[in-house]
Every structure is written in structure tokens, then in C-alpha cells.
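**Student:** turn this into a model:
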Amino acid sequence: MLKGKTKSGFAFEIQDERLNNMELLDALTELDAGDSTRISQVLKMLFSSEEKRALYEHLRTPAGTVPIEAVAAELEEIFASGQQAKN
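**Tutor:** Numbering: from 1, shown residues only. Just a heads-up that it's a prediction; the model follows:
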């Protein structure tokens, strides 16, 4: 299980079976290669609908939008925390 809290304060808990998924790796690879449309698929594979909604609410701006860059930064931090936990 990957569990923690981002610097912005978003608490997450991702089950191992969600992480051990070849389709997730494919989507992350394509996202890393510049296909930003894959971020939605990555979120669906990692989080339940409620968890994804909680992330969006956490990142929502006063104008009511959820910046793509903020979501991407949270994902990067979540995966970085997983790498740190392995080391």
C-alpha cells in the first residue's frame, strides 16, 4: 500500500493491486512521453470516484477550476513518495 500526504495536504492511500497494473504503467509511460490526455486514465486507475473527487476539491482554485498542472504535480509527488519508501 502506498500511503501518505502531499506537501499541499492531500492524504492518499493506494492499494497495491491498483499499483501493480501493467495498464497503469502503459498510461504512465505515455503520460511521461508527453500525452497529457492520459492523466485522467491514470487517476481512474489509482483512485475511486470519491478519492478522485476529493483530490479535485483539494486542488480547486477560487475561480472553480482544477488546474491540470496541480493534478500532475500531486501525482508526481505521490509516486515520488513511493520511490522514497522503497529506498
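
**Student:** ramachandran angles for the most centrally placed residue in the chain?
**Tutor:** Closest residue to the average C-alpha location of the chain: Leu75 at 3.4 Å, with CA atoms, centre = their mean. Main-chain dihedrals, Leu75, degrees, to the nearest 10: phi -60, psi -40.

**Student:** next up, the contacts around it.
**Tutor:** Applying CB atoms under 8 Å, 6 or more residues apart in numbering to Leu75 gives the contacts 39, 42-43. For the C-beta atoms, the positions are set from N, CA and C on the backbone; glycine is no exception.

**Student:** most neighbours, which of these?
**Tutor:** Using other CB atoms under 10 Å as the neighbour criterion, Val42 leads these with 19 neighbours.

**Student:** who touches that residue in this structure?
**Tutor:** By CB under 8 Å, 6+ apart, the residues touching Val42 are 24, 27-28, 31, 75.

**Student:** and it, how far is that from Ala80?
**Tutor:** Using CB to CB, to the nearest Å, we find Val42 at a distance of 15 Å from Ala80.

**Student:** what's the answer for Asp16, then?
**Tutor:** Here Asp16 is placed at a distance of 18 Å from Ala80 (CB to CB).

**Student:** give me the below-cutoff pLDDT ranges for this structure.
**Tutor:** Across the chain, the ranges flagged by pLDDT under 70 are 83-87.

**Student:** coming back round to it: now for the contacts of Val42, which sits with the most neighbours around it?
**Tutor:** Greatest neighbour count in the contacts of Val42, by other CB under 10 Å, goes to Ala27: 22 neighbours.

**Student:** which of the helices or strands spans it?
**Tutor:** helix 22-32 (DSSP states H and E).
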